[in-house]
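Engineer: Sequence unavailable; structure follows:
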């Protein structure tokens, strides 16, 4: 493909006119055929049936470990901070999400699909009877109020690197939670998380495809954006997670340790996701680069092995931190 000589805004407009609607069609569900939270939750229309279904749901959670609950709650809080993520995308100067624009259609539809995740899991936690909902809701309140800095600025190239990585990470996390829930015979939660993981996989594919198109049009700048994000490291959207009386970000550290202990999301997963993105974008095969971008490519291709050596020396704390969220 002929390289595009223009600003990043012009590149994004070109991708919007040529590709965005097709990529959206390939990676979004039709709303009328889409799953909804009520598909997995007790039906409150019949009080007697509802009570027996809730009791059954609560009994199904008995085999879930403390660390499992901590990770599930942290995942829910992360999903519930969706307004922050949409406003972050809306703040990009080089894409317009208003009106009937392609980027607008994608962003709103992506938000609509993501919105089901927090709704579904929040209701499950409420019905489980295991959670101090007010404590959890306060953490959601904090996370929305504190905001986040994922170090992308308003650069759409860096933003799409971040969303590609993050959607793959949430796919891994929710799929692992589904597997653990199924092993503990908590079938309703397993089904919820499996459907959520499927959503995340589709969303990841869309963002990864956006980046592929940018690489085809503006390879050097895209390579430099990817290098910059990986040098900074991809921070999780809930990195400011906290509870009442706890410093900002401190609860996230304990949440991450719990996720590592039960194998829901680990340092190895971070490296595997990076390698998956390098392979998907065929970074090692991109040659039409300026000198700075060539150095960035070489750095990126060597990064997974370098990171593997570093994490081999890391140890995860065995201590189970006592979260305010869990009775």
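Structural biologist: Received the coordinates, thanks. A quick note: this is a predicted structure, and the numbers were derived from the prediction, not measured.
Engineer: Now name the helix or strand holding residue 12.
Structural biologist: helix 8-15 (DSSP states H and E).
Engineer: If I look at the residue lying closest to residue 180 once chain neighbours are set aside, what pLDDT would I see?
Structural biologist: Take residue 180 and drop its neighbours on the chain: the residue closest to it by C-beta to C-beta, 6 or more residues apart in numbering is residue 68, 6.0 Å away. C-beta coordinates here come from the backbone N, C-alpha and C atoms, glycine included. As predicted, residue 68 sits at a pLDDT of 97.
Engineer: do the same with residue 2
Structural biologist: On the pLDDT scale, residue 2 is placed at 49.
Engineer: Residue 88 now?
Structural biologist: At residue 88, the pLDDT value in this model is 83.
Engineer: Specify the local secondary structure of it.
Structural biologist: helix (DSSP: H, G, I helix; E, B strand; the rest coil).
Engineer: for it, what are its contacts?
Structural biologist: 148, 150, 159 (C-beta atoms under 8 Å, 6 or more residues apart in numbering).
Engineer: any idea which of those residues is closest to residue 181?
Structural biologist: For these, the closest approach to residue 181 (C-beta to C-beta) belongs to residue 148, at 27.7 Å.
Engineer: Pretty sure that closest one sits against residue 241.
Structural biologist: No: counting by C-beta atoms under 8 Å, residue 148 does not reach residue 241; the two are 10.1 Å apart.
Engineer: For the residue lying farthest from the centre of the chain, pull up the helix or strand it's in.
Structural biologist: Distance from the C-alpha centroid of the chain peaks at residue 48, with 37.4 Å (C-alpha atoms, centre = their mean). In this assignment (DSSP H and E), residue 48 forms part of helix 47-60.
Engineer: That helix packs against which elements?
Structural biologist: helix 102-128, helix 187-217 (3 or more C-beta pairs under 8 Å, 6 or more residues apart in numbering; DSSP states H and E).
Engineer: For the next helix or strand after the shortest one, buried residues please.
Structural biologist: Next along the chain after helix 102-128, taking DSSP H and E as the criterion, comes helix 133-146. For helix 133-146, a neighbour-count test (16 or more other C-beta atoms under 10 Å) marks 135-140, 142-144, 146 as buried.
Engineer: so residue 45 sits in a helix?
Structural biologist: No: applying three-state DSSP, one finds residue 45 to be coil, outside a helix.
Engineer: Run a quick neighbour tally on it.
Structural biologist: By the measure other C-beta atoms under 10 Å, the count of residues near residue 45 is 7.
Engineer: quick one: which of residue 148 and residue 241 has more around it?
Structural biologist: Between residue 148 and residue 241, counting by other C-beta under 10 Å, residue 241 is the more crowded of the two (26 against 17).
Engineer: now that one, what's its secondary structure?
Structural biologist: coil.
Engineer: Phi first, then psi, for the nearest residue to it once chain neighbours are set aside.
Structural biologist: Closest residue in space to residue 241, ignoring its immediate chain neighbours: residue 252 at 3.9 Å, by C-beta to C-beta, 6+ apart. Main-chain torsions, residue 252, degrees, to the nearest 10: phi -60, psi -40.
Engineer: Now do the contacts for residue 252.
Structural biologist: Contacts of residue 252 (C-beta under 8 Å, 6+ apart): 74, 236, 238-242.
Engineer: related to what we said a few turns ago, out of the buried residues of helix 133-146, flag the one nearest to residue 281.
Structural biologist: Lowest distance from residue 281 to the buried residues of helix 133-146 (C-beta to C-beta) belongs to residue 143, with 30.6 Å.
Engineer: quick one, what contacts the closest residue to the closest one other than its chain neighbours?
Structural biologist: Of all residues not flanking residue 143 in the chain, residue 81 sits nearest, at 4.6 Å (C-beta to C-beta, 6+ apart). By C-beta under 8 Å, 6+ apart, the contact set of residue 81 is 140, 143-144, 148, 237-238.
Engineer: Show the pLDDT at residue 81.
Structural biologist: Reading off the model, residue 81 has pLDDT 92.
Engineer: Flag every buried residue along the lowest-mean-pLDDT helix or strand in the chain.
Structural biologist: Here the helix or strand of the chain ranked lowest by mean pLDDT, DSSP states H and E is helix 82-90, holding a mean of 86. Neighbour-count burial for helix 82-90, counted by 16+ other C-beta under 10 Å, picks out 82, 84-86, 88-89.
Engineer: low-scoring stretches of the stretch 1-150 of the chain, by residue?
Structural biologist: Scanning the stretch 1-150 of the chain for pLDDT under 70 picks out 1-5.
Engineer: Contacts made by the strand or helix carrying residue 272 with the rest, please.
Structural biologist: Using DSSP H and E, residue 272 falls within helix 267-280. Outside helix 267-280, the residues within contact range by C-beta under 8 Å, 6+ apart are 164-165, 168-169, 172, 208, 212, 230, 234, 260, 283-284, 300-301, 303-304, 307-308, 311, 314.
Engineer: do that again at 7 Å, thanks
Structural biologist: 164-165, 168-169, 172, 208, 230, 284, 300-301, 303-304, 307-308, 311, 314 (C-beta atoms under 7 Å, 6 or more residues apart in numbering).
Engineer: Much appreciated, bye for now.
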